[in-house]
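> build me a structure from this.
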Amino acid sequence: MALPTEPIGSIPRPVELLEGLRAFREGDLSEEALDGMYDRALRATIDALEGTGAPVITDGEQAKPSFLTYPVEGAPNLAPDGLEIPFEAGHTRRLPRLTDGPVQYQRYAAEYLERAQEYASVPVKQSVISASALSLLYPEDGIDGYPREAFLDDLVDEVERDIRRCLDAGAHAVQIDFTEGRLAVKLDPSKDLLRRFVALNNRVLDRFSAEERQRIGVHTCPGGDRDSTHSADVDYAELLPLLFEMNAGRFYMQFASEEDPARVLDVVRRHSTEEQTIFLGVTDVNAPRVESPEEVRDTVLRAAEVLPVGRLGTTDDCGFSPFGDDQSTARRTAFAKIEARVKGTALAADALGVD
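Numbering: from 1, shown residues only. Just a heads-up that it's a prediction; the model follows:
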């Protein structure tokens, strides 16, 4: 396909897996049996994704407890009472809190990637969590004997390792999930927090060569959970100029659900650079209606009037189930939207005469 199209990451888990996870937590299922469920869910997800005609897929994050906490899940130095994030639907998600140092990953994303590559027949993309998101694990009142700067040094090392292992394992691309970007503006309208987040992520990105950074992207959205968001009420224009200061080659942007797409495209045009490929979201993952391929085509064609075709790609607005227990979207709906994205991107490529 002449115009690149890639997923964001998560697909809703099958009912069997969700029930198995509950049974495992209650002590009624063995780890070996749960691993078999993970494997069946992974195979089924990859088969369905490839069935949409997608040229690039993910593992659907079937084995991740969440897109955010996967690397530290089970760490002994975490307490459950960290930062609470409210969503517009009325529910909240709470981050864990680091109780002492050092911060140390329990697992790396390459483990998920390599497992998916065993079954995939097309390139596999891997998402990782950002340093800025995990920086929220550190408590505001500090940790005796483990100052924030030492924590950030350790965190940057771990995030670099997470990305590098995926690149070395042959990931098509590595996507840094930065859904906290828009939230940072909501928490701190002065944007000082956002600037600190961008600087921290650049500490990681600057450890990679220019060639490597072309395979590293940043994903932004206003959060997605149970068909709800945590920061869609924040003006996108408050985030985007600083977002494009991150030293990545790819940007995966929530776009389909924006109320004023023309204004967003203008901000992207003014603040992005020639070296940055823009993957625009063309399916709204929080809406039950499945977009038609023609709608996707028309979205791309409107974007091509503003941005150079050679820098355009398509994606979904967000993952369909970033938190493992989210059942708000049916699997069949997620796959139907992905198929519409793939077919619509191909229609746009034909209309633009891109070879």
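
> return the residues in contact with the residue nearest to the spatial centre of the chain.
Residue closest to the mean C-alpha point of the chain, counted by C-alpha atoms, centre = their mean, is Asp177 at 4.0 Å. Shown in contact with Asp177 (C-beta atoms under 8 Å, 6 or more residues apart in numbering): Gly9, Phe67, Leu68, Ser127, Val128, Ile129, Ser130, Ala133, His219. Just so you know, the C-beta spots here come from the backbone N, C-alpha and C atoms, and that holds for glycine as well.

> show me what it is bridged to.
Ile129, His219 (DSSP bridges).

> separation between it and Arg164?
The gap separating Asp177 from Arg164 is 17 Å, by C-beta to C-beta, to the nearest Å.

> also Asn286?
To Arg164, Asn286 is 33 Å away according to C-beta to C-beta.

> cool, Val264 as well?
Where Arg164 is concerned, Val264 sits at a distance of 32 Å (C-beta to C-beta).

> do Met253 as well
If you go by C-beta to C-beta, the gap between Met253 and Arg164 works out to 25 Å.

> where along the stretch 51-200 of the chain do the helices fall?
110-117, 131-134, 148-168, 180-187, 192-205 (DSSP state H, counting those that start in this stretch).

> was I right about Thr283 contacting Cys318?
No - under the criterion of C-beta atoms under 8 Å, Thr283 is not in contact with Cys318, lying 9.5 Å apart.

> just to revisit the earlier point, and the helices of the stretch 51-200 of the chain as JSON lines, adding distance to Asp260?
Output for the helices of the stretch 51-200 of the chain, formatted as JSON lines (distance: least, C-beta to C-beta, whole Å):
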{"stretch": "helix 110-117", "distance to Asp260": "36"}
{"stretch": "helix 131-134", "distance to Asp260": "26"}
{"stretch": "helix 148-168", "distance to Asp260": "33"}
{"stretch": "helix 180-187", "distance to Asp260": "15"}
{"stretch": "helix 192-205", "distance to Asp260": "21"}
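
> can you tell which of the ones you listed is closest to Leu301?
helix 180-187 (26.6 Å; C-beta to C-beta).

> poorly predicted segments of this structure, please.
For the chain, the stretches with pLDDT under 70 are 1, 89, 224-228, 232, 324, 326, 355.

> list the buried ones in stretch 195-211?
Phe197, Val198, Leu200, Asn201, Val204, Leu205, Phe208 (16 or more other C-beta atoms under 10 Å).

> how close does the third one get to Gly60?
Relative to Gly60, Leu200 is positioned 28 Å away (C-beta to C-beta).

> and Asp235, how many neighbours?
By other C-beta atoms under 10 Å, the residues close to Asp235 number 12.

> which residues sit in contact with the residue nearest to it when sequence neighbours are not counted?
Leaving aside its chain neighbours, Asp235 sits nearest to Val185 (8.0 Å; criterion: C-beta to C-beta, 6 or more residues apart in numbering). Residues near Val185 by C-beta under 8 Å, 6+ apart: Lys191, Leu193, Leu194, Ser231, Val234, Asp235, Glu238, Leu239.

> again, only this time at 7 Å
Counting by C-beta atoms under 7 Å, 6 or more residues apart in numbering, Val185 touches Lys191, Leu194, Val234, Glu238, Leu239.

> could you dump the residues you listed to a markdown table with distance to Ile143 and neighbour count?
Putting the contacts of Val185 into a markdown table (distance: C-beta to C-beta, whole Å; neighbours: other C-beta atoms under 10 Å) gives the following:
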| residue | distance to Ile143 | neighbour count |
| --- | --- | --- |
| Lys191 | 27 | 16 |
| Leu194 | 24 | 24 |
| Val234 | 30 | 19 |
| Glu238 | 32 | 17 |
| Leu239 | 30 | 24 |
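
> reformat these as a markdown table; add distance to Glu160.
Output for those, formatted as a markdown table (distance: C-beta to C-beta, whole Å):
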| residue | distance to Glu160 |
| --- | --- |
| Lys191 | 25 |
| Leu194 | 21 |
| Val234 | 29 |
| Glu238 | 28 |
| Leu239 | 24 |
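
> closest to Val122 out of these?
Leu239 (31.7 Å).

> gap between the closest one and Lys64?
Separation of Leu239 from Lys64 (C-beta to C-beta) stands at 25 Å.

> likewise Arg93?
14 Å.

> between those two, who's got more neighbours?
Lys64 (26 against 18).

> that one is in contact with Pro71, isn't it?
No - Lys64 lies out of contact with Pro71 (C-beta atoms under 7 Å); the separation is 9.7 Å.
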